[in-house]
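Chemist: Return atomic coordinates for the entry below.
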Amino acid sequence: MGHSHSHNHSHEVQGKNLLISIVLNIGITVAQVIGGLLSGSLALLSDALHNFSDVVSLIISYIANKLVKKEASLTRTFGFKRAEIIAAFVNAATLIVVAVLLINEAGQRFQEPPQIDSNLVIWLSILAIAGNGFSVLLLKKDSSSNMNMRSAYLHLLTDLMASVAVLIGGILMKYFQLFWIDSALTLGIAIYLIVVGWDLLKSSVRVLMLFTPDDLALEEIVKKISEIPEIKNVHHVHVWQLNEEETHLEAHIDFNEDISLSQFDVILEKIEHLVFHNFNINHVNIQPEFGKCDDKDLVVQD
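Modeler: Have a look, this model is predicted:
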C-alpha cells in the first residue's frame with residue numbers, strides 16, 4: 001500500500017485577533033442588554049442576543065484554533081485537525097437557533113409595538129457598529145481560507161449589518177415614530193441569520209460526513225489516473241476532506257502486470273503529482289492489485 005503526504009501550507013490563523021474580538025463583543029453584549037432593557041427595544045435586545053452568540057462562537061473558534069495545533073498521538077492519530085470544522089458546525093447551528101427565537105419574539109411584538117427610547121438605541125447601535133466593524137477587519141483575511149474563521153467572521157459580519165439596521169430603525173423611530181420598525185428589523189435580521197447559517201451548516205456537515213468535495217468530480221479523477229499506461233482499472237474510490245487544508249484520495253488500483261514494489265513507487269509518484277496539480281489532493285492512499293477478484297465498481301459500499 002502506498003501512502004503519501006503533500007501538505008499545502010496556508011498562513012497560520014492568528015488566535016490573538018480572535019481574543020481581541022471576544023473581549024470587544026463581551027463589552028458590546030453587556031451594553032446592549034442593559035440598553036435594550038432600559039429602552040424597551042427588541043431589535044437592540046436581539047442584536048445583544050446575536051452578539052452573545054458571537055461571543056460563544058468566537059470562544060469555540062478560539063479553542064478550536066488552539067486544539068488544531070496539538071500534535072497527533074497514538075490515541076489521536078489525526079490530532080485535533082477536525083476541531084475547527086466542528087466549531088464551524090456548532091456556530092452555524094447557533095445562528096439558526098438564535099434566528100428562530102428572534103422570529104418568534106418579533107411576531108408577538110408586531111401585534112402591539114411598544115414605546116421605545118430611540119436615543120439609547122441610536123447610541124448603542126453606533127457603539128456596536130464600531131466594535132463589530134473592527135472585529136470584522138481583524139478576521140477578514142483568515143476567513144477566506146479557513147472554515148472555522150469564516151464561521152466566526154460571518155457571525156461578526158451579520159451582527160455588524162444588524163447593528164446598522166438597528167441604527168436606521170432608531171433614527172426612524174426618533175424622527176417618524178415608526179415603532180413597528182423595531183420588530184420588522186428583528187425579523188429581517190433573523191431571516192438573514194438563517195440564510196448564512198444554513199449555508200455554513202451544509203458546508204461543515206459535508207466535511208464531517210466525508211462527502212466528496214463539491215468542486216471535485218470523482219469520474220474525472222479516475223479518468224485522469226487511468227490514463228497512466230501501467231494502470232488497468234481504478235475502483236473502490238473515496239475522496240474526502242479531513243479539514244480545509246487536507247483532501248484525501250483512497251483507491252484500489254489494478255495493474256496490467258505483476259509489477260515490483262519499486263515499480264509501484266514510481267507509478268505512485270506519478271499519481272501523487274497528477275492529483276495534486278489537477279485536483280489539489282494532497283494525501284494519497286493506494287492499494288495496488290493484480291488479478292484480484294473483487295468488486296471493480298467506482299464506488300463500493302464498505
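Chemist: all contacts plus neighbour counts: C-alpha atoms, from now on.
Modeler: Fine.
Chemist: Distance of residue 181 relative to residue 80?
Modeler: 45 Å (C-alpha to C-alpha, to the nearest Å).
Chemist: And the helix or strand hosting residue 16, what's buried?
Modeler: In the assignment (DSSP states H and E), residue 16 maps to helix 15-39. Residues 15, 17-19, 21-22, 24-29, 31-33, 35-36, 39 are the ones in helix 15-39 that count as buried (16 or more other C-alpha atoms under 10 Å).
Chemist: List the residues that contact residue 67.
Modeler: 80, 81, 83 (C-alpha atoms under 8 Å, 6 or more residues apart in numbering).
Chemist: Show the pLDDT at it.
Modeler: You'll see residue 67 listed with a pLDDT of 81.
Chemist: do the one 5 residues further on as well
Modeler: Per-residue confidence (pLDDT) for residue 72: 83.
Chemist: before we move on, what SS does the residue nearest to it when sequence neighbours are not counted have?
Modeler: In space, and not counting its chain neighbours, residue 72 is closest to residue 79: 3.9 Å by C-alpha to C-alpha, 6 or more residues apart in numbering. Recorded secondary structure, residue 79: coil (DSSP: H, G, I helix; E, B strand; the rest coil).
Chemist: Please name whichever of the contacts of residue 67 scores lowest on pLDDT.
Modeler: In terms of pLDDT, the lowest of the contacts of residue 67 is residue 81, showing 80.
Chemist: ok, it to residue 257 distance?
Modeler: Distance of residue 81 to residue 257, computed by C-alpha to C-alpha: 39 Å.
Chemist: Comparing those two, which residue is more hemmed in?
Modeler: With neighbours defined as other C-alpha atoms under 10 Å, residue 81 and residue 257 compare such that residue 81 has more, 23 against 12.
Chemist: What mean pLDDT does the longest strand anywhere in the chain get?
Modeler: Assignment by DSSP state E gives strand 231-241 as the longest strand of the chain. On average, the pLDDT along strand 231-241 is 94.
Chemist: Quick one: list the elements packing against it.
Modeler: Where contact means 3 or more C-alpha pairs under 8 Å, 6 or more residues apart in numbering; DSSP states H and E, strand 231-241 is packed against helix 218-226, strand 247-255.
Chemist: Provide the strand pairings for that strand, with the direction of each partner.
Modeler: strand 247-255 (antiparallel) (DSSP bridges).
Chemist: How far away from the center of its chain is the partner strand?
Modeler: 28 Å (C-alpha atoms, centre = their mean, to the nearest Å).
Chemist: Contacts made by that strand with the rest, please.
Modeler: Under C-alpha under 8 Å, 6+ apart, the answer for strand 247-255 is 230-242, 280-292.
Chemist: For the residues you listed, which ChimeraX command selects only the ones that are buried?
Modeler: Command for ChimeraX that selects the buried part of the contacts of strand 247-255, burial taken from 16+ other C-alpha under 10 Å:
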select :231,232,233,234,235,236,237,238,239,240,241,242,280,281,282,283,284,285,286,288,289
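Chemist: show me what contacts the residue positioned nearest the centre of the chain?
Modeler: Centroid check for the chain by C-alpha atoms, centre = their mean gives residue 147 as the closest residue, at 3.4 Å. Residue 147 makes contacts with 84, 85, 88, 204, 244, as judged by C-alpha under 8 Å, 6+ apart.
Chemist: Run a quick neighbour tally on the first one.
Modeler: Per other C-alpha under 10 Å, the neighbour tally for residue 84 reads 27.
Chemist: on that earlier part again, count of residues packed around the residue nearest to residue 72?
Modeler: Burial of residue 79 is recorded as 16 neighbouring residues (other C-alpha under 10 Å).
Chemist: Could you do residue 111 as well?
Modeler: Residue 111: 10 surrounding residues under other C-alpha under 10 Å.
Chemist: Farthest pair within the contacts of residue 147?
Modeler: 88 and 244 (11.6 Å; C-alpha to C-alpha).
Chemist: Show me where the protein has its strands.
Modeler: Along the chain, counting by DSSP E, strands occupy 2-5, 231-241, 247-255, 283-289.
Chemist: can you list those in a markdown table and add distance to residue 200?
Modeler: Formatted as a markdown table, the strands of the chain follow (distance: least, C-alpha to C-alpha, whole Å):
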| stretch | distance to residue 200 |
| --- | --- |
| strand 2-5 | 28 |
| strand 231-241 | 16 |
| strand 247-255 | 19 |
| strand 283-289 | 25 |
